[in-house]
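>>> below are the sequence and a predicted model for it; my questions follow.
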Amino acid sequence: MSHSPATEPSKALLRKAAFERRARLPMPALSERIRQRLLDWPSFRQAGTIILYCSIRNEVDLLPLTHAFSGPSWYLPKVESVSVIRFYRYTPGDPLLPGAYGIPEPEASEPLSLNQTKTPLLILVPGLLFDRRGNRLGYGKGYYDRFLRSLLDDGVAYTAISASPDALLVDLLPAEPHDVAVDVIVTESTLLFTKPH
């Protein structure tokens, strides 16, 4: 889907500034606090299926969560084309291979089947910046917006969560009609619910 010309330049500037800000953050310590906040959240501990992602470029590191408790089925993304991302089962210790954009990816052995997914379904959605309405500034490829939109179109119940340091949470981001907001943002200091519960 095309982006409006008015927002793309501003998004590009926001991305550049966000990358620079994130590079200066003490992410190992922040990641540990954010992971603990997720583990202390009952809805996270009760999930049947959790989709994670592998961190790159000083993102919040979520993969250690797979060692923290064994209740859910874990899945990781694999980019399969310029427009398609799919998710495959991950067990702690499974090999991760360099994939698209240098992101470690699982082997394509056991794909996520929404017909057989254990509920509740939680999806950790990456991004650079987030606002208090659940809007996110991603990396510009649109993979997660398309995936979340397909779930909405198919009537699949899920909770989309983004993990972010407080320093990368802003009051308002530019949003376009095809963007899909997340439901919860977890930072080192809070769980922010962006929609009525």
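Thanks, I have it.
>>> okay, CA-based contacts and neighbour counts for the rest of this
Noted.
>>> show me which residues of stretch 11-22 are buried.
Residues Lys11, Leu14, Arg15, Ala18, Phe19, Arg22 are the ones in stretch 11-22 that count as buried (16 or more other CA atoms under 10 Å).
>>> other residues contacting that stretch?
Asn58, Glu59, Leu128, Leu129, Leu137, Tyr139, Leu168, Pro174 (CA atoms under 8 Å, 6 or more residues apart in numbering).
>>> which one of the residues you listed is nearest to Glu80?
Tyr139 (16.8 Å; CA to CA).
>>> picking that back up, will you turn the buried residues of stretch 11-22 into a markdown table that also has distance to Leu112 and pLDDT?
Formatted as a markdown table, the buried residues of stretch 11-22 follow (distance: CA to CA, whole Å; pLDDT from 0 to 100):
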| residue | distance to Leu112 | pLDDT |
| --- | --- | --- |
| Lys11 | 31 | 86 |
| Leu14 | 33 | 92 |
| Arg15 | 30 | 93 |
| Ala18 | 31 | 95 |
| Phe19 | 31 | 94 |
| Arg22 | 31 | 96 |
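>>> write the PyMOL selection for whichever of the contacts of stretch 11-22 are buried.
A single PyMOL command selects the buried members of these (16+ other CA under 10 Å):
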select buried, resi 59+128+129+137+168
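>>> for the protein, which spans come out with low pLDDT?
Along the chain, the model assigns pLDDT under 70 to residues 1-9, 196-197.
>>> report how many residues lie close to the nearest residue to Lys141 once chain neighbours are set aside.
Once flanking residues are discounted, Lys141 sits nearest to Ser83: 7.7 Å by CA to CA, 6 or more residues apart in numbering. Ser83 has 12 neighbours, counted by other CA atoms under 10 Å.
>>> same deal with Pro98?
10.
>>> which residues touch it?
Residues counted as contacts of Pro98 (CA under 8 Å, 6+ apart) are Pro104, Glu105.
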